[in-house]
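> Kindly return the folded structure for what I paste below:
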Amino acid sequence: MPTRDNKIVSGAQPLHSYIWGRDCTAAVLTDNASLSIKQETIPTGNGEQLHFHHTAVQFFFILKGRAGFEIDAVFYTVNANEGILIYPGQKHRVFNEGMEELEFIVYSQPSTNNDRVNL
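Just a heads-up that it's a prediction; the model follows:
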């Protein structure tokens, strides 16, 4: 049986991290062809561009703050300890509509690498 390289990761010690948008962060907890899990932050008043994925299903789980989601032109508010599922082809974006930093985990299956179309 092949050996596997099991690693303990966290938001403080991810596999790698990057900054996106205006001061938003992503800590990559796992990322392979079949699954991506990231812990992300969005400062107050910021958010991402409207987009969709051809194949990925995404689940966003809010750790801290209040998230706004636009999904197919419908707006949702998602609070801490709540989550929302987004299906392939749904035009969506997440933004911080609270007064504190928004922190969440996003699970994508399969990974969204090379599967994002900005609108």
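> So what's the residue count around Ile8?
Other residues within reach of Ile8, judged by other Cβ atoms under 10 Å, total 5. In this view, the C-beta of every residue, glycine as well, is placed from N, C-alpha and C.
> Tell me the bridge partners for Val57.
Taking DSSP bridges as the rule, Val57 bridges to Gln109.
> Now do the same contact list for it.
Contact analysis of Val57 by Cβ atoms under 8 Å, 6 or more residues apart in numbering lists 85-88, 108-109.
> Closest to Ala67 out of those residues?
Ile86 (12.1 Å; Cβ to Cβ).
> On the pLDDT front, check the nearest residue to the closest one once chain neighbours are set aside for me.
Spatially, and ignoring its direct neighbours in sequence, Ile86 is nearest to Gln58 (4.5 Å; Cβ to Cβ, 6 or more residues apart in numbering). At Gln58, the pLDDT value in this model is 98.
> which secondary element of this structure has the worst mean pLDDT?
Here the helix or strand of the chain ranked lowest by mean pLDDT, DSSP states H and E is strand 16-20, holding a mean of 91.
> Now do whatever helix or strand comes next after that one against strand 16-20, angle only.
Using DSSP states H and E, the helix or strand that follows strand 16-20 in sequence is strand 24-31. Using axes from the mean of the first three to the mean of the last three Cα atoms, to 10 degrees, the inter-axis angle of strand 24-31 relative to strand 16-20 is 150 degrees.
> So which residue is smack in the middle of this structure?
Centroid-nearest residue in the chain: Val106, 3.6 Å away (criterion: Cα atoms, centre = their mean).
> Contact partners for it?
For Val106, the contacting residues are 36-38, 40, 58-61, by Cβ under 8 Å, 6+ apart.
> out of these, which are buried?
Buried residues within the contacts of Val106, defined by neighbour count using 16 or more other Cβ atoms under 10 Å: 36-38, 40, 58, 60-61.
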